[in-house]
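A.B. asks: Sequence plus the predicted model coming up.
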Amino acid sequence: MGFWVSSSISKLATRNRYHEVTMAEPTITLNVTRYRPGQDRAPTTQAYAVPYKEDWVVLDALNHIKDQIDGTLSYRWSCRMGVCGSCGMMVNGTPKLTCAAFLRDYYPGEIRVEPLINFPIIRDLVIDMSDFLDKLKSVKPWIIRKEEKPVARGEYLQTPAELEAFHQFTQCINCMLCYAACPVYGLEPKFLGPAAIALGYRYNMDSRDQGKEQRAVIGNHDGIWDCTFVGECSVVCPKDVDPAAAIQRSKVDTTKNWFQSILMPWGQR
Amino acid sequence: MFTHDIVIVGGGGAGLRAAIAAAEVSSKLSIALVSKVYPMRSHTVSAEGGTAAVLREYDSLDLHAKDTIFGADFLADQDAVEAFVKEAPGELIQLEHWGCPWSRDPDGRVSSRSFGGMSVDRTLFAADKTGFHLLHTLFQTSLKYDSIIRYDECFLTSLLVDDGKVCGVTSINLYTGRVEVIAGKTVILCTGGGGRIFPFTTNAAINTGDGMAAAYRAGVALKDMEFVQYHPTGLPGTGILITEASRGEGGWLKNKDGYRYLQDYGLGPPTDKPTHRKMELGPRDILSRCHMQEYAKGRTFEGPYGHYVHLDLRHLGEEVINKKLPFVRELASKYVGIDPVYEPIPVRPVVHYMMGGVSTDINAKTTLVGLYAAGETACVSINGANRLGSNSLTELLVFGTRAGRAAAAYAANVSAPASAAIDALAADEQRRLDRQFLRKDGGTERIATIRQEMQLAMEEGAGIYRDEQKMEKACKTLRTLRERFKEIIIEDRGSTFNTEVMTALELDFMLDVAEVVANSALMRRESRGSHTRTDFPKRDDANFLKHTLAYRTPDGPKIDYLPVTITRWPPEERKY
């Protein structure tokens, strides 16, 4: 049986989701980064005690703070089911989706909630990710065809094996956890970074695409060659995209193309 | 002031599709895409099961139309449905050309699966993350059009209307906190639904009915708002959606005795392999009512978050679950600690979708000159009293495209709105926002308290089963909450990313939407589709084969009606 049933006794007592916190209830402390531009010189930490519930995630605790304790706390969230990519934060120093980080994995210890590192902080837990949007666009994450097929002529056929070749890299939710985990991005902001490279590679590997040459940015200095293959990006990815693999394979591809162009100039496509 | 030809509000599937459609009409058109979240965060991302269109030889447009109209309990406009099914295949092929990673058959064609209320397999899918892939494909494709200018994280506060024509929007830029005018010859609303007016919903936090309320305040009617879809299979507690595709692939619903109870409600006989339109593949409104009947009979489980039944996928086996339903496995494992390969998933009905919305015609046009709407925000209506699963993603593509093209054609023939008039309107809006939100002092009411009371009122008064007394009470409560809302406390005085102000503005919108839902429901004295009244249990075509239109007045919604368009399918009894 799942934990939500086995813990039913404690929850029956707290069935009204809107009840007031009473002394008897267990609580957990969240130490949350606060930063209000124009008001704070530097980020500070504010501690909040919230009810401890076995099936609550860190995001539930933040929502409790916002609704019941302190309406001025700012953070992003939306789907609360791990697919919109909004709620990435540092939880005890590790990049996590807060909708998937359960309080029970930290309790009775305290939880440190900070904005994702390697990004400028806009306010509290909200980071500025506009740099990623520019980088995403630079890898041309769309199908490029030498000739467009009219819609009236139907779909492109693609076998399950051809789909498999890039499918994993389509799973990226742009949550930015990989950028927070990437030591190279932390030191060299020009680095395209794991998600953008993985998404460019995703189109390169799509049997419908013919635009690989136009995505040369991936093979440039600020692209794959900055990566020192630490692999942390793949460790923190909540969707098993494995951007590190995309980067390594792109390196092999680029090298192969280079050798081909030097050694076999007549052998190019 | 920023000025564009077309201003699209909402960056989900409908908004992105409209933007691309308009950009393809002419690269000279300047298109603003205004969204309160980054487009790829939009709620389209959470759609799971698939998107319907006729693409196989065994299927026909008429059959898709008939299923849709039947599912809608004959409240859909049949001319709109005919246009919808006709344009659906092209839209899905277009999406395929743009790179959507559809699941594939061995021969390389896009795969399709069974879905509730559909007579044949016609639901295309990308595993069980169809909405996610659709949204990211559209968003990434939209990046190649330089004429689409994004206003990410800008919150709509009002539509600007001058001389009977829409001339742009005001929005709060979350980074700066400034109220900005984004002017345009035409505006397309694509802001999604408002499921968050209920306490228990599959909907994301952002689904607060912003565009619906903004249109309503600008004098546009909201149509058929009483029709709120409960999805029969959400996770208890969180309300996270477990896709209908899990039943399309062969999953079973069982009560606490392990019995496939749907056979007791005219949906049988049960078969091992799924049968179209039968048992677990019945439509959502009926399945949600069956759950409540089982509960009344004492045959559901009781858990920490109320009654539930079992969705059993074990017989599908690990391979099918991993290949076709990986997200279901991930969600169930993560959020209720149950691996569906080995254990049944606890599920219960949950608010999922609003059939109603901003009243539009077949070209996405509203009665306010220059204003268009598409997607869940809009009510064309193809969904009538009950939407069939997998028609909504298709709808946002078909009518997103129609809206984008219609707005582009309109913008080509009108001149830019007068800036003096816009400045005056914007100054009014700035004063309103300052007074009520940005510089509001004092107050006694917590935003969250009013929101919770609104949600409880909606659940009690406008849930799966409704009656006169419960709905009247809900309407009264909502009026009181509207008054109490004036006394909200706003502590946050910051201008940068002030989400407390945004939360208050969202609640303000939701109170309007909730009141329209409750009042529209109160006035419809019949049962049709998702609207089920214990005091009027039968469908009443003589008096209510018509759309509800709700208009805003100072005393609450004024209800009017509009005939339903019937082309080739005369109303008949809806039996599965």
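C.D. replies: Received, thanks.

A.B. asks: ok, residue B:43 touching residue A:83?
C.D. replies: No. Assessed by Cβ atoms under 8 Å, residue B:43 is found out of contact with residue A:83, at 10.0 Å. C-beta: built from backbone N, CA, C; applies to glycine.

A.B. asks: Residue B:113: what's it in contact with?
C.D. replies: With contacts defined as Cβ atoms under 8 Å, 6 or more residues apart in numbering or on different chains, the neighbours of residue B:113 are B:49, B:50, B:121, B:123, B:125, B:245, B:248, B:249, B:324.

A.B. asks: which one among those residues gets closest to residue A:144?
C.D. replies: Proximity of those to residue A:144 (Cβ to Cβ) peaks at residue B:125, which lies at 25.3 Å.

A.B. asks: Can you get me the start-to-end distance on stretch B:146-161?
C.D. replies: 28 Å (Cα to Cα, to the nearest Å).

A.B. asks: So which bits of that stretch are buried?
C.D. replies: For stretch B:146-161, the neighbour count (16 or more other Cβ atoms under 10 Å in any protein chain shown) marks B:147-161 as buried.

A.B. asks: tell me, which of these make contact with chain A?
C.D. replies: residue B:152 (Cβ under 8 Å from any Cβ of the partner chain).

A.B. asks: Go through the buried residues of stretch B:146-161 and name the one nearest residue B:19.
C.D. replies: Nearest to residue B:19, judged by Cβ to Cβ, of the buried residues of stretch B:146-161 is residue B:148 at 4.9 Å.

A.B. asks: And the closest one, its phi and psi?
C.D. replies: The phi/psi pair for residue B:148 (degrees, to the nearest 10) reads phi -90, psi 110.

A.B. asks: repeat for the one 4 residues further on
C.D. replies: Recorded main-chain torsions at residue B:152 are phi -70, psi 140, according to degrees, to the nearest 10.

A.B. asks: Just the buried residues of stretch B:146-161: which are in strands?
C.D. replies: In strands, judged by DSSP state E, the following of the buried residues of stretch B:146-161 are found: B:148-152, B:154-161.

A.B. asks: Tell me the secondary structure at the residue located most distally from the centre of chain B.
C.D. replies: Residue farthest from the centre of chain B, counting by Cα atoms, centre = their mean, is residue B:420 at 36.2 Å. Secondary structure, DSSP: H, G, I helix; E, B strand; the rest coil: residue B:420 is helix.

A.B. asks: Neighbour-wise, give me the winner out of the contacts of residue B:113.
C.D. replies: For the contacts of residue B:113, neighbours were counted using other Cβ atoms under 10 Å in any protein chain shown, and residue B:50 has the most, 32 neighbours in all.

A.B. asks: Leaving out sequence neighbours, find the closest residue to residue A:118.
C.D. replies: Spatially, and ignoring its direct neighbours in sequence, residue A:118 is nearest to residue A:186 (4.6 Å; Cβ to Cβ, 6 or more residues apart in numbering or on different chains).

A.B. asks: I'd like the next helix or strand past the one helix or strand that neighbour maps to.
C.D. replies: Following DSSP states H and E, one finds residue A:186 within helix A:183-187. The helix or strand immediately downstream of helix A:183-187 is helix A:194-204, counting by DSSP H and E.

A.B. asks: from the chain's centre, how far out does that following helix sit?
C.D. replies: Computed by Cα atoms, centre = their mean, to the nearest Å, the chain-centroid distance of helix A:194-204 equals 14 Å.

A.B. asks: got the contact list for the helix or strand just after it?
C.D. replies: With elements assigned by DSSP H and E, the helix or strand that comes after helix A:194-204 is helix A:232-236. Identification of contacts with helix A:232-236 by Cβ under 8 Å, 6+ apart yields A:94-96, A:177-178, A:180-183, A:194, A:241-245.

A.B. asks: Out of the residues you listed, list just those in strands.
C.D. replies: Per DSSP E, these map to strands at A:94, A:95, A:96.

A.B. asks: any chance of these in a markdown table, plus neighbour count?
C.D. replies: Putting those into a markdown table (neighbours: other Cβ atoms under 10 Å in any protein chain shown) gives the following:
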| residue | neighbour count |
| --- | --- |
| A:94 | 15 |
| A:95 | 26 |
| A:96 | 24 |
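
A.B. asks: Closest one of these to chain B?
C.D. replies: Nearest to chain B among the ones in strands among the contacts of helix A:232-236, counting by Cβ to the nearest Cβ, is residue A:96 at 12.6 Å.

A.B. asks: I'd like to check which residues are in contact with the closest one.
C.D. replies: If you count contacts by Cβ under 8 Å, 6+ apart, residue A:96 has them with A:58, A:88, A:89, A:90, A:177, A:236, A:238.

A.B. asks: Can you say which of the contacts of helix A:232-236 are buried?
C.D. replies: Those of the contacts of helix A:232-236 that meet the buried threshold are A:95-96, A:177-178, A:180-182, A:194, A:241-245, by 16+ other Cβ under 10 Å.
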